[in-house]
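J.: here is my input, please return the structure:
(2 chains)
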Amino acid sequence: MAGRSANQHQVKLLLLIPFFLWIFAFLLLPAIIMLVSSFQNDGGQGFTLGQYVKGLTHPLYTDAIKNSVILSFVSALIGIAVSVMAAYSFTTFSPKIRDRLLNVSNIMTNFAGVPLAFGFMILFGTNGMLTLLFKEMGLSFLVFDLYSWKGLAWVYIYFQIPVGILLVYPSLYAIKQEWREAASLLGASTGQFWLRIGIPVLLPGIVGTFSVLFANAMGAYATAYALVLRNFNLLPIQIGGLVSGDIYPRNELGSALAFILFLILIIALLINEKMLRLARRGQ
Amino acid sequence: MRTNAGPGSVGRLWHVAVTVVVLAFLLIPLLVTVLFSISTTWESTILPEGLSLQAYANLFTDERFLQAMGRSFLLAVITVALSMLIMVPTIFIVSLYFPRLEKWMQSVVLLPFALPGVVAAVGLIKLYSSPPFAISGTIYILIGVYFVIILPFVYQGIRNSLRSVNAIELMEAAEVLGAGKPTAFVRVILPNIMPGIIVASLLSLSMIFGEFVLANMLVGGSYEVVQVYLYRMLGTDGHASSATIVTFFALVFLLFALVLKIGNRKTRTYVPSDGGKEEPA
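T.: Residues are numbered from 1 along each chain as shown, chains lettered A, B, ... in the order given. I've put the predicted structure just below:
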């Protein structure tokens, strides 16, 4: 009997081996290689902090980091504001309509990357539908250059919104309709309700979602890459260019920049973890 | 129907307006892409000059597109099949028999979130472009890395359905009735968590069909999948691009509809045992 259960234990452990091997080969080992490589010189030898020094001091790369952080912060901020408003508005509809709205929003999370770049090109490109329409209607002030930072920000905000709605919606359940009624019976206005009760209750969920959106934009590569008419100096674009671009690859510097990006993302995701825990305790 | 959404009809109007504006913003780029795909010429006018389905006729006779679709399909199916074959037993064993490993496993499966494609590609290129493992530029490296990318969703989906069918008690009951562990797993647990497995598979399929960054950086033209094909058409052929996007999105839509259908049936069949776990969708 004892022999049989020890045997069973071994069988169970054996069955776990493929998973561990796979994770090792395609997640852990590449990550370790990247980390090691980031401390090597351009020939892939020795030990040096030079790649990090270069990544954190050379204007090309400091600009890329700065641009990425600003673009991610702005798009996450606007994205979260729109997501919270939209998700809350969704909850005011009947369950059937509400679920349909959520489904539409959820499926639009798939409209990202290259297809999104195309969609925006035919809408807001130089001869885009809305560009021409706005000009025709004399609303030239609405026309913007898609291939500028402002244009790119619009595209980023676009792909943040459905992700934001998906993530923030569950925490909106925390706002109970009875609280609104109670607050309104006690004489609170809508503004006061949101300021004193709604926002504080939602805050952990909002901050958590914000940090996920920030990370989402920091790592995004395909959309900016596919807007081919201009090379945006963003951190992911620089990394991609360094390790697989047409210029001769500089894997070591690319590794250092990738590790910097990884650290920024880890911090953002840890903030989310912490906020989720706070939100759970609050309920 | 909730009647008091905000104080009176001003609140009502506000919520309707927000919903309409946000949905319009989200849907217009897709709808315009659809319109472009069925237009004859649409270059310097506000609306297309005429409508036709020629783009689709061309696309579905284009050898290159069909091959790219075939490659994406093959890649997605192999990856998802391997993932389920390995991950369903793994998650089952870990969550039932090695609870101490579970915490560690949860952090590992979340790691892909902190590794966007462009970061993940850096180490993979270095590791797999030279012997002894020169698989860069082949389907194998994509299978390897897509397995990792879909992990968070696969883990979440299967873990939730194991929890909601109360796998521990099911196993005990089956064993009391004389079934061995392997039999109990195959005959009792698997059929019960099948809806969860299917939902996780469908979501993973649509993720793999939509992945561009790794496909482009690791493999590119030597194994051209549909997103890479799309990228290469983008600057040259708007009709092929838009028709490809619409085809891709129709596929996503189909997979999503299946997920919803199975998800709904699941809630009707099974009563969640621990206070209503959220649906993996």
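J.: tell me if the lowest-mean-pLDDT helix or strand in chain A is near chain B.
T.: Lowest on mean pLDDT, DSSP states H and E among the helices and strands of chain A sits helix A:177-185, with a mean of 82. Yes. Contact between helix A:177-185 and chain B, assessed by CB under 8 Å from any CB of the partner chain, occurs at A:177, A:180-181, A:184. For the C-beta atoms, the positions are set from N, CA and C on the backbone; glycine is no exception.
J.: most neighbours, which of these?
T.: Highest neighbour count within the residues of helix A:177-185 next to chain B: A:R180, with 20 neighbours (other CB atoms under 10 Å in any protein chain shown).
J.: and the pLDDT for A:K12?
T.: Note for A:K12: predicted pLDDT of 87.
J.: I figured it hits B:Y97, correct?
T.: Yes. In this structure, A:K12 is within contact of B:Y97 by CB atoms under 8 Å, at 5.7 Å.
J.: so can I have CSV of the residues of helix A:177-185 next to chain B showing distance to B:M84?
T.: Below are those laid out as CSV (distance: CB to CB, whole Å):
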residue, distance to B:M84
A:Q177, 41
A:R180, 45
A:E181, 48
A:S184, 51
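J.: related to what we said a few turns ago, helices or strands up against the next helix or strand after the least confident helix or strand of chain A?
T.: Using DSSP states H and E, the helix or strand that follows helix A:177-185 in sequence is helix A:190-193. Packing partners of helix A:190-193 (3 or more CB pairs under 8 Å, 6 or more residues apart in numbering or on different chains; DSSP states H and E): helix A:177-185.
J.: other SSEs contacting the helix it packs on?
T.: For helix A:177-185, the packing partners by 3+ CB pairs under 8 Å, 6+ apart come out as helix A:190-193.
J.: next secondary structure after the helix it packs on?
T.: Per DSSP H and E, helix A:190-193 leads on to helix A:199-219 as the next helix or strand towards the C-terminus.
J.: packing partners of that next one?
T.: helix A:59-91, helix A:149-172, helix A:235-244, helix A:251-282, helix B:117-128.
J.: please repeat the previous calculation with a cut-off of 10 Å.
T.: helix A:59-91, helix A:149-172, helix A:235-244, helix A:251-282, helix B:99-114, helix B:117-128 (3 or more CB pairs under 10 Å, 6 or more residues apart in numbering or on different chains; DSSP states H and E).
J.: nearest to A:P204, out of those?
T.: A:P204 sits nearest to helix A:251-282 of all those, at 3.8 Å, using CB to CB.
J.: quick one: the closest one near chain B?
T.: Yes. Among the residues of helix A:251-282, A:251-252, A:254-270, A:272-273 lie within reach of chain B under CB under 10 Å from any CB of the partner chain.
J.: ditto for stretch A:8-19
T.: Yes. For a cut-off given as CB under 10 Å from any CB, stretch A:8-19 has contacts with chain B, namely A:8-9, A:11-19.
J.: before we move on, back to that, okay if I get the helices and strands packed on helix A:199-219 as JSON lines plus mean pLDDT, distance to B:G50 and mean neighbour count?
T.: Converted to JSON lines, those look like this (pLDDT from 0 to 100; distance: least, CB to CB, whole Å; neighbours: other CB atoms under 10 Å in any protein chain shown):
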{"stretch": "helix A:59-91", "mean pLDDT": "95", "distance to B:G50": "36", "mean neighbour count": "19"}
{"stretch": "helix A:149-172", "mean pLDDT": "92", "distance to B:G50": "29", "mean neighbour count": "21"}
{"stretch": "helix A:235-244", "mean pLDDT": "91", "distance to B:G50": "38", "mean neighbour count": "24"}
{"stretch": "helix A:251-282", "mean pLDDT": "87", "distance to B:G50": "47", "mean neighbour count": "20"}
{"stretch": "helix B:99-114", "mean pLDDT": "86", "distance to B:G50": "46", "mean neighbour count": "15"}
{"stretch": "helix B:117-128", "mean pLDDT": "92", "distance to B:G50": "39", "mean neighbour count": "26"}
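J.: who touches stretch A:122-140?
T.: Contacts with stretch A:122-140, where a contact means CB atoms under 10 Å, 6 or more residues apart in numbering or on different chains, come from A:118, A:120-121, A:141-147, A:151, A:154-155, A:227, A:229, B:28-29, B:31-33, B:35-36, B:39, B:42-48, B:238, B:241-242.
J.: right, I'll leave it there.
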